[in-house]
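output the structure for:
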Amino acid sequence: MKRFGTYSTYMCVACLLAAVCLAGCDQFEKASVMQESKEAENTSAGRSPSGEAACETAYFAAGCFWGVEAAFRRVPGVTSTAVGYMGGDAPNPTYKQVCTNTTGHAEAVKVVYDPAKVSYDRLLEVFWTAHDPTTLNRQGPDVGTQYRSAIFVNDQEQYVAAVESRHNLEDLHKFDRRIVTEIKRAKQFHMAEEYHQQYLEKQGKTSCGVDIH
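Residues are numbered from 1 along each chain as shown. The predicted structure follows:
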């Protein structure tokens, strides 16, 4: 009987340990699922798993992209910029092709920014002051559809903000002529050749030297 009792005690202890282990595993599994769910919610809300705001992207065309890029690079909260071509249908356009005014592309600037530090509305303000939005397919001496004024939006929120911003300027009569800026859905952004990237900085300049105001 003593031997049987020892075996029974052993079995009870073993069962207890197994139950504790299973409970611990169950709690770990629940915690993992909750963490994955939280990370998914953060991602869908535009946040990283750590809770930090994810960067967003905006696209603008306002004439020669050298000076436009330089204007946005001076804005606090802008994390990076790149120049390229957008709005056309020709595949893999080059600078030489875009300059023929036949590809349908505009010289555009890609602006990556931290929405916790700078708003899209603030970027729109920079866009409107960086060029003349009343000249059709032209900025200063540069003429052609590749130099048109355009805002390429990524979603409905950007579209509403861009349209409202344009309407406000028109209502306030900020310009002597009608604003001709296009507001269209963003297409594929084609990076321009490397020598165009941050061109003015490479040349030790801050502007293109053309006064558009």
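
quick one: residues contacting residue 82.
69, 109-110, 189, 191-192, 197 (C-beta atoms under 8 Å, 6 or more residues apart in numbering). Bear in mind the C-beta positions are built from the backbone N, C-alpha and C, glycine included.

filter those to the buried ones?
Among these, those scoring as buried are 69, 109-110, 189, 192, 197 (criterion: 16 or more other C-beta atoms under 10 Å).

so the closest residue to residue 190 other than its chain neighbours bridges to which residues?
Excluding the flanking residues, the one nearest residue 190 by C-beta to C-beta, 6 or more residues apart in numbering is residue 85, at 4.5 Å. Beta-bridge partners recorded for residue 85 (DSSP bridges): residue 107, residue 190.

if we can go back for a sec, can I get the contacts of residue 82 in a markdown table including secondary structure and distance to residue 62?
Output for the contacts of residue 82, formatted as a markdown table (DSSP: H, G, I helix; E, B strand; the rest coil; distance: C-beta to C-beta, whole Å):
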| residue | secondary structure | distance to residue 62 |
| --- | --- | --- |
| 69 | helix | 10 |
| 109 | strand | 8 |
| 110 | strand | 13 |
| 189 | coil | 15 |
| 191 | strand | 18 |
| 192 | coil | 15 |
| 197 | coil | 17 |
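
ok so, going back, you'd agree the residue nearest to residue 190 is up against residue 105?
Yes - taking C-beta atoms under 8 Å as the definition, residue 85 is a contact partner of residue 105 at 3.9 Å.

hey, what's in contact with both of those two?
Counting by C-beta under 8 Å, 6+ apart, the residues touching both residue 85 and residue 105 are 93, 98, 146, 190.

please convert the buried members of these into ChimeraX selection syntax.
Selection of buried members from these for ChimeraX, criterion 16+ other C-beta under 10 Å:
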select :93,98,146,190
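
which members of the shared contacts of residue 85 and residue 105 are the farthest-apart pair?
146 and 190 (12.3 Å; C-beta to C-beta).

pull up the overlap in contacts between these two.
Here residue 146 and residue 190 have 85, 105 as joint contacts, going by C-beta under 8 Å, 6+ apart.

next, the most centrally placed residue in the chain: phi, psi?
When C-alpha atoms, centre = their mean is applied to the chain, the residue found nearest the centroid is residue 57 (0.9 Å). When read as degrees, to the nearest 10, the backbone of residue 57 gives phi -130, psi 140.
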